[in-house]
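coords please:
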Amino acid sequence: MAFGLTLLVASMFFHGGKDTDHGHDTAAVIGWAPVTSIRFWVFFFTFGGGAGYALVRLEGETVAAIGAVGIGWVSGAMAVTIIRALTKRSVSSAVDAKQLVGTTGTLLLPVGPGKPGKVRIALGDRAEDYVANVVDDGGDLPSGSSVLIVAEGDLGSLLVTKHEM
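Coordinates of the predicted model:
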């Protein structure tokens, strides 16, 4: 149980709550044995250890060992299955640069022909910064200028022009 709790605390601080199988669906290949997931082992040792500790006090060592392994295995497998199901259904809040066409932003760094800058775009309760390039016929625009996003540029950058308010 102590080992499981140590793994649980360490996984929260060092893995950011992410599983270490990097998106591979190992459980589908192995089926009933998701043993490549750190999350499985955290739950296995934590709940199996806790059940084993409680069962040793109530029953004999054989019953405690069988119960601990069974409870640890079920809790670990359930944790991995539930987390994988939730991550498959999660919605990303990432915004594609194409979706920003027609919005306005504020230049953080000046931009000019052949001189990329940086634009900040307010997206609800947060802001995103993008590399900005001025359209071909646009002139230099200083920091703080309000700009209109007119297209997506190379490598996810944005093409901007002066925004007339």
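
Give the next helix or strand downstream of the worst-scoring helix or strand of the chain on mean pLDDT.
Lowest on mean pLDDT, DSSP states H and E among the helices and strands of the chain sits helix 26-30, with a mean of 44. Downstream of helix 26-30, the first helix or strand assigned by DSSP states H and E is helix 38-58.

Specify the angle between the helix or strand following that next one and helix 38-58 in degrees.
Downstream of helix 38-58, the first helix or strand assigned by DSSP H and E is helix 61-89. On the basis of axes from the mean of the first three to the mean of the last three CA atoms, to 10 degrees, helix 61-89 is oriented at 150 degrees to helix 38-58.

What's the mean pLDDT across the helix or strand just after helix 61-89?
Going down the chain from helix 61-89, the next helix or strand is strand 104-109, by DSSP H and E. In this model, strand 104-109 has an average pLDDT of 93.

Report all helices and strands that strand 104-109 contacts.
strand 117-123, strand 126-134, strand 146-152, strand 158-162 (3 or more CB pairs under 8 Å, 6 or more residues apart in numbering; DSSP states H and E). Any C-beta I mention is one placed from the backbone N, CA and C, and that applies to glycine too.

can you tell which of those is closest to A85?
Checking the helices and strands packed on strand 104-109 against A85 by CB to CB gives strand 126-134 as the closest, at 27.4 Å.

Please point out which parts of that closest one sit buried.
Neighbour-count burial for strand 126-134, counted by 16 or more other CB atoms under 10 Å, picks out Y130, V131, A132, N133, V134.

And the nearest residue to A2 once chain neighbours are set aside, how close does it get to F3?
In space, and not counting its chain neighbours, A2 is closest to G49: 7.1 Å by CB to CB, 6 or more residues apart in numbering. For G49, the distance to F3 (CB to CB, to the nearest Å) stands at 7 Å.

So between these two, which is more surrounded?
G49 (18 against 13; other CB atoms under 10 Å).

And the pLDDT at that one?
86.

just the one 5 residues further on next, same as before
Reported pLDDT at A54 in the predicted model: 89.
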